[in-house]
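Asker: sequence first, predicted coordinates after that:
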Amino acid sequence: MPRGPTGGAGSNCAVAGAAPPQPVYKAGTVTIRFVGTANVNEQVVRANMQIKEGGDVDDTIIDRDIRTLYKTGLFEFIEIKREILPNNVVNLVVEVTPKYRVLAIRYEGNKKVKSTRLQKEIQTKTNAALDERLVKEDAEKIRDYYQKTGYNQAQVTSSIERNASTGFGTVIFTIREGNKVKSATSASSATPTSRPRRSASKWTRNGGGCFPGSPARAASRTTSSRTTSTRCATITAKTVTSMLISRPRRSGTIIPRPASSC
């Protein structure tokens, strides 16, 4: 290395083993190419990408944009191809394969439950990206709803009708409801409770004679009827026995009949 006037080493000597600086690449053209039916707007793709024409581009930015596009749930497959030009310019081609979108949701075989009620149990929505895993989960949710309402034998299957020309699909849920099973609790609650039988009326002594009635009814009699209450006593087994009349014997003896006091 050349020495300076003082005999010292020059200050502009290079450090041995240092890596050369990496070149900075700029994005040239960014082209969006759809594989299959383009049922997604191109502006949706560009809005979810950090790479812009004329901006910096490297492997980190490209990987980040690919992950961001997958997170939208709109694409089956994403690939970004590069074409390196002079002056550190890179042209990019973004190839995306869109997922089918849900055109309609149809229910078949449901007679006891309306389709509008079943729609509240699922997450698949019209005009959204078609997710087969989500459709299968929705079929299980419909079956669980039927079981909660008493249809323990209900069966639910799902299928998808795809239209390659439009990129849309129809989700179909086929339902076999079966018979509704009533639980023992609901059956017992539906049985009317039997009323207790009324107890037999008691024979009470009243002012005008002996007749069945309640003590409250006897008390409601007028004072005039109470004057004759002593003429009639409560009939008991003992008094009835004493009033029985023996049949006359063949000898001709007649037993007189006692006079009634009532």
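Answerer: Noted; the coordinates are in hand.

Asker: can you give me the strands for the stretch 101-250 of the chain?
Answerer: 101-108, 155-163, 168-176, 203-206, 209-212 (DSSP state E, counting those that start in this stretch).

Asker: right, and residue 50 touches residue 62 too?
Answerer: No - contact criterion Cβ atoms under 8 Å: residue 50 and residue 62 do not qualify, at 9.2 Å. For the C-beta atoms, the positions are set from N, CA and C on the backbone; glycine is no exception.

Asker: ok, those two, which is more surrounded?
Answerer: Between residue 50 and residue 62, residue 62 has the larger neighbour count (other Cβ atoms under 10 Å), namely 18 against 13.

Asker: doesn't that one fall inside a helix?
Answerer: Yes - assigned with DSSP: H, G, I helix; E, B strand; the rest coil, residue 62 falls within a helix.

Asker: just the pLDDT for the closest residue to it other than its chain neighbours.
Answerer: Excluding the flanking residues, the one nearest residue 62 by Cβ to Cβ, 6 or more residues apart in numbering is residue 80, at 5.4 Å. The per-residue pLDDT reported for residue 80 equals 95.

Asker: need the contact list for residue 80.
Answerer: Each residue near residue 80 by Cβ atoms under 8 Å, 6 or more residues apart in numbering is listed here: 62, 65-66, 92-95.

Asker: likewise for residue 163?
Answerer: For residue 163, counting by Cβ under 8 Å, 6+ apart, the contacting residues are 103, 169.

Asker: which segments of this protein make up each domain?
Answerer: According to automatic domain parsing, the chain comprises the domains 26-98, 101-176, 203-228.

Asker: lowest mean pLDDT across these, which one is that?
Answerer: Least confidently modelled of these is domain 203-228, at a mean of 48 by mean pLDDT.

Asker: which helix in the chain has the most residues?
Answerer: If you go by DSSP state H, the chain has its longest helix at helix 132-148.

Asker: give the buried residues for it.
Answerer: 134-135, 138-139, 142-143, 145-146 (16 or more other Cβ atoms under 10 Å).

Asker: what's that helix in contact with?
Answerer: 113, 118, 121-124, 154-158, 160, 171, 173, 175, 177.

Asker: got the angle between it and strand 155-163?
Answerer: 150 degrees (axes from the mean of the first three to the mean of the last three Cα atoms, to 10 degrees).

Asker: ok, residue 149 touching residue 110?
Answerer: No - Residue 149 lies out of contact with residue 110 (Cβ under 8 Å); the separation is 11.8 Å.

Asker: those two: which is more packed in?
Answerer: Between residue 149 and residue 110, counted using other Cβ under 10 Å, the more crowded position is residue 110 (19 against 14).

Asker: near the nearest residue to that one once chain neighbours are set aside, how many other residues are there?
Answerer: Distance criterion Cβ to Cβ, 6+ apart; nearest residue to residue 110, sequence neighbours excluded, is residue 175 at 4.8 Å. The local packing of residue 175 (other Cβ under 10 Å) involves 23 other residues.

Asker: same question, residue 98
Answerer: For residue 98, the tally of surrounding residues (other Cβ under 10 Å) stands at 20.

Asker: so what's the spatially closest residue to residue 155 that is not a sequence neighbour up against?
Answerer: Excluding its sequence neighbours, the residue lying closest to residue 155 (Cβ to Cβ, 6+ apart) is residue 176, at 4.4 Å. Residues near residue 176 by Cβ under 8 Å, 6+ apart: 109, 154-156.
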